[in-house]
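J.: got a predicted structure here, sequence first:
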Amino acid sequence: MGRGWPLPLTPLDRRDSLPLLLVPDGFHPAYSLAEFPPYARFLRDLGALGEVILFERRGLGAPAPANAPIELADWADDACAALKARGAERAIVIGLAEGAMTAIAIAACHPGRTAALVLVNATPGPVLPALARCGLGPRYIDMLRYRPQRWPDETPGLEVVAPSLGRSKPFVGWMREAFLAVGGPDRLHPAFDLVFRADVRALVGRVRAPTLVVHRRQDAWFSPVHGTVLARAIPAARYLELPGRDHAPYLGDSRAIIEAIGWFLETAPIEGDEQASCEAARRLTPRQAELLTLVAAGLTDKEIAGRLQLSVRTVQKQLQLAYRRLGVTNRTAAVRAFARLRRPGGSLW
C-alpha cells in the first residue's frame, strides 16, 4: 500500500463483503491520496460501501523494470496481485477519470476477479480522433506530454480539472509533490502515456461484469460525450449523468457519486452475490433471522423491540451484525438479500 495510509477502513476479514478496488485518477501514487484532505474524505465515504483496496502501479509509485515498456495489462496484473495479497478473490473495480482505462483493462483481462465495474468521468481514450475535441482535456494532455518541464511549477489545466479549487495553493502543492514523487519529467513518459493517452477500444467489448458509467454534466476536461460513448461500447452498461463541473470525482458534490455507486451495488445483478449471501446467512443466529423477518414485514426497530421485549439498542446491534453477515450496508439491501434466501430452495433454517 505504501506509506501515509491513515484511514480507518474495515479489515478484510469480513469475508462476506466484496472489497472495492480503486484505480485513482491522474498519476498519483496510491500512498499520496490520503495526503490531500478532500481525497481522504472521499475515500472515507467510499469505505462506508466496503473495504477499499489501493495498489501501486509500476512506474507510478511502484518500481518499473528499466528500459521495459509498460502496458495496461501490466497495471491490471498489479491490481490482481494486490487483491491476492489481501486475500480477496473478487472485487468491485472502480476507475476514476483517467484511472478508468486501467479499470477496464482489469475487467477485460481478469473477468474472474471483477464482480462489477464502476467508471467515473471516464473515457475510452482521451486523444482518440472522435473525442479529441470533446472537452479541453486532450489539449492540455498534449501540452503536458510534450512540455513536461512546465509541470513542477505550473501544472497546466488544473482550473479545468478542478474548477471548484482552481489553482489554490494546497491543491497545486499536492499535485506538484505527486509529480515529483513519481520521478518528474525525465522518468514519467511511459506511465504518462498509459494514464493520459491510452486507447481501450479493443478491451471494452470484452467487459462482462455489470457496469455503471457516471459522468458529471459540466465536466469540461472530458465532456459527457466521453462517458456516453464508453457506456454504449460496454455490453449492458448503465449510464448516469450527475450535475457538477469538477472532473476530479473527489471534489464538488462527491457524496452524489458515492450514493450513485451505492445504488448500483444494491441493484446490479452481480454474479455470485446470491451464493455469497447464502454462505453468509449460514452464520445468522436464529434471533437475527427472526429480526430480519420482522424488518421484511415492515416493522420499525421500536415496534420490533416491543414485540420481542428487547431494547431498541439490542435490536439495532443485532441487525447491524446481520447486515455484516449478509454483506450489505443498510436496511433496504438486507430486506432484498433476506427475501432471496427465503425463496424455495434458498432457506437455510
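T.: Good, I have the coordinates. Residues are numbered from 1 along each chain as shown.

J.: switch to C-alpha atoms for all contacts and neighbour counts from now on
T.: Fine.

J.: make sure Leu22 is indeed in a strand.
T.: Yes - counting by DSSP: H, G, I helix; E, B strand; the rest coil, Leu22 falls inside a strand.

J.: which residues does it contact?
T.: Contact analysis of Leu22 by Cα atoms under 8 Å, 6 or more residues apart in numbering lists Val52, Ile53, Leu54, Phe55, Val93, Ile94, Gly95, Leu96.

J.: which of those residues has the most neighbours?
T.: Each of the contacts of Leu22 was scored for neighbours by other Cα atoms under 10 Å, and Val93 scores highest at 28 neighbours.

J.: so what does the helix or strand containing that one touch, helix or strand wise?
T.: Using DSSP states H and E, the element containing Val93 is strand 91-96. Counting contacts by 3 or more Cα pairs under 8 Å, 6 or more residues apart in numbering; DSSP states H and E, strand 91-96 packs against strand 20-23, helix 100-109, strand 114-120.

J.: pull the CA atoms of the shortest one into PDB?
T.: To tie it back to what came earlier, the one meant is strand 20-23. The C-alpha atoms that make up strand 20-23 are tabulated as PDB, following Å, rounded to 0.1, in the frame of the first residue of the first chain:
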ATOM      1  CA  LEU A  20     -13.700  -2.100  -3.600                       C
ATOM      2  CA  LEU A  21     -10.500  -2.000  -5.800                       C
ATOM      3  CA  LEU A  22      -9.900   1.700  -6.600                       C
ATOM      4  CA  VAL A  23      -7.900   3.000  -9.500                       C
END
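
J.: mind listing the strands it pairs with, and their directions?
T.: Counting by DSSP bridges, the strands paired with strand 20-23 are strand 52-53 (parallel), strand 91-96 (parallel).

J.: want to throw those into JSON lines with distance to Arg176 and mean pLDDT?
T.: Converted to JSON lines, the strands paired with strand 20-23 look like this (distance: least, Cα to Cα, whole Å; pLDDT from 0 to 100):
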{"stretch": "strand 52-53", "distance to Arg176": "24", "mean pLDDT": "95"}
{"stretch": "strand 91-96", "distance to Arg176": "20", "mean pLDDT": "96"}
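
J.: could I get these as CSV with distance to Glu159?
T.: Formatted as CSV, the strands paired with strand 20-23 follow (distance: least, Cα to Cα, whole Å):
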stretch, distance to Glu159
strand 52-53, 28
strand 91-96, 18
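
J.: nearest to Gln309, of the ones you listed?
T.: When the strands paired with strand 20-23 are compared by Cα to Cα, strand 52-53 sits nearest Gln309, at 38.3 Å.

J.: still on that earlier bit, got the contacts of Leu22 as CSV, with distance to Gly227 columns?
T.: Output for these, formatted as CSV (distance: Cα to Cα, whole Å):
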residue, distance to Gly227
Val52, 24
Ile53, 24
Leu54, 24
Phe55, 25
Val93, 17
Ile94, 15
Gly95, 12
Leu96, 12
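
J.: contacts only, for Leu117.
T.: Residues in contact with Leu117 (Cα under 8 Å, 6+ apart) are Ile92, Val93, Ile94, Gly95, Ala103, Ile104, Ala107, Ala209, Pro210, Thr211, Leu212.

J.: for Thr114, see how far away the first one is.
T.: Looking back up the chat, that one is Ile92. Distance, Ile92 to Thr114, by Cα to Cα, to the nearest Å: 6 Å.

J.: check the fourth one too.
T.: Between Gly95 and Thr114 the distance is 12 Å, computed by Cα to Cα.
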